[in-house]
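>>> Give me the fold of what follows.
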Amino acid sequence: MNSAPRVRKAVIPAAGLGTRFLPATKAMPKEMLPVVDKPAIQYVVQEAVSAGLQDILMITGRNKRALEDHFDRVPVTEQLLEAKGDGDRLAAVQHATKLGDIHYVRQGDPKGLGHAVLRAKTHVGDEPFAVLLGDDLIDERDELLTTMMEVQAKTGGSVVALIEVDPSMISAYGCADIEPIEGEDYVRVRELVEKPSVADAPSNLAIIGRYVLHQRVFDVLEDTAPGRGGEIQLTDALQTLAASDGEGGGVYGVVFRGRRYDTGDKLSYLKAVVTLSCENEELGPDLRKWLGEYTAQLTE
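Predicted coordinates:
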């Protein structure tokens, strides 16, 4: 068993411009787009907290003030709800402000995910940490982050989350070439390629937005030149670690087969909203009934 310190902190990069959702994101961060009755970012923060990570750093940018406001108290609203006796909504509002100890730092220059993660170096310090991207919502009923943290503690390296995708779709993701480890549920990553062509992809295993990283990644990122798109790619830094030995060397993968909702594009976002709404205890029964009637009309 590796004696590395346990993961205590989560980093949530949230500086992206959200151009795929314009004009909805012209004046509102994409992370604040609602999924049923909560903004997408709240699901991600809740996931980190549920895994025991109470210390959370958000990497933000210009026009992201709404993120800070959402997780801050709003005394006037709370007093109004309390005066009306609306305990349920009061509890929902207060829940967001009590999730964890949330800190914020700006990315400044939009130099890519690797650069955003590097901005967390001072806050994280000399210990492993988790990175959660807001485009991927992991169903709270399925374990992923806690499993990844266990693998990191066991191996002492860095851990990525992988899913199997249709081979024709692999060019939209970072891709992993892996080898099984006898007797283990996780795999060793031999190579990582950022958005390869279908012909050049080493597998159909795509990297999704959950990472548990050894702190050595910061030193590697500082020496990582801009890659695809002129940005500092986290995938490139992880490739360096995958090929290295010693403390913090090695990259491992957990293949996730649970429920994942991709909010990174319009259609997938709508599917996430419909899926979670249908599963909602309050909204689900009526919505499922209406959807059945609506889809029946379309086929007539």
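>>> From now on I want contacts and neighbour counts done on CA atoms only, so please keep to that.
Noted.
>>> mind showing which ranges of the stretch 1-150 of the chain have poor pLDDT?
Along the stretch 1-150 of the chain, segments meeting pLDDT under 70 span 1-4.
>>> Against which helices or strands is the strand or helix carrying residue 41 packed?
In the assignment (DSSP states H and E), residue 41 maps to helix 40-50. When contacts are defined as 3 or more C-alpha pairs under 8 Å, 6 or more residues apart in numbering; DSSP states H and E, helix 40-50 sits against strand 136-138.
>>> List the pairing partners of the strand it packs on within its sheet, with orientation.
Sheet pairing of strand 136-138 (DSSP bridges) gives strand 260-262 (antiparallel).
>>> ok so, going back, buried set for the helix holding residue 41?
Residues of helix 40-50 classed as buried under the neighbour-count rule (16 or more other C-alpha atoms under 10 Å) are 40-49.
>>> Report the distance from it to the chain centre.
9 Å (C-alpha atoms, centre = their mean, to the nearest Å).
>>> Tell me the helix or strand right after it.
With elements assigned by DSSP H and E, the helix or strand that comes after helix 40-50 is strand 55-60.
>>> Please report the distance of residue 84 from residue 73.
From residue 84 across to residue 73, the span is 18 Å (C-alpha to C-alpha, to the nearest Å).
>>> An error on my part: the question was meant for residue 133.
To residue 73, residue 133 is 24 Å away according to C-alpha to C-alpha.
>>> How about residue 245?
Distance of residue 245 to residue 73, computed by C-alpha to C-alpha: 46 Å.
>>> of these two, who's got more company?
Of the pair residue 245 and residue 73, residue 73 is the one with more neighbours under other C-alpha atoms under 10 Å, namely 16 against 10.
>>> wait, isn't that one in contact with residue 97?
Yes: with contact defined as C-alpha atoms under 8 Å, residue 73 counts as touching residue 97 (5.9 Å).
>>> what's residue 174 sitting at in phi/psi?
phi -70, psi 150 (degrees, to the nearest 10).
>>> what's near enough to touch it?
By C-alpha atoms under 8 Å, 6 or more residues apart in numbering, the contact set of residue 174 is 192-196, 206-208, 235.
>>> what does residue 15 give?
59-62, 64, 106-107, 110, 116.
>>> for residue 226, same thing?
For residue 226, the contact set (C-alpha under 8 Å, 6+ apart) comprises 232-233.
>>> And it, its phi and psi?
Per-residue torsions, residue 226: phi -60, psi 140 (degrees, to the nearest 10).
>>> ok but residue 15 is inside a strand, no?
No: counting by DSSP: H, G, I helix; E, B strand; the rest coil, residue 15 is not found in a strand; it is coil.
>>> Residue 66 versus that one, what's the distance?
12 Å.
>>> neighbours around the closest residue in space to residue 67 that isn't next to it in sequence, how many?
Nearest non-adjacent residue to residue 67, counting by C-alpha to C-alpha, 6 or more residues apart in numbering: residue 32, 7.1 Å away. The number of residues packed near residue 32 is 18, by other C-alpha under 10 Å.
>>> can you give me the strands in this protein?
With DSSP state E, the ranges of strands along the chain come out as 9-13, 34-35, 38-39, 55-60, 101-106, 129-132, 136-138, 158-164, 174-180, 187-194, 205-213, 251-255, 260-262.
>>> The longest one pairs with which strands?
In this case it means strand 205-213. Strand 205-213 has the following strand partners under DSSP bridges: strand 129-132 (antiparallel), strand 158-164 (antiparallel), strand 174-180 (antiparallel).
>>> Now the residue nearest the centre of the chain: closest residue in space that isn't a chain neighbour?
The centroid of the chain falls nearest to residue 133 when counting by C-alpha atoms, centre = their mean (2.4 Å). Excluding the flanking residues, the one nearest residue 133 by C-alpha to C-alpha, 6+ apart is residue 209, at 4.8 Å.
>>> for residue 207, same thing?
Spatial nearest neighbour of residue 207, chain neighbours left out: residue 162 (4.7 Å); criterion: C-alpha to C-alpha, 6+ apart.
>>> Could you point out the bridge partners of the one you found in the sheet?
Counting by DSSP bridges, residue 162 is bridged to residue 207, residue 255.
>>> Cheers, nothing more for now.
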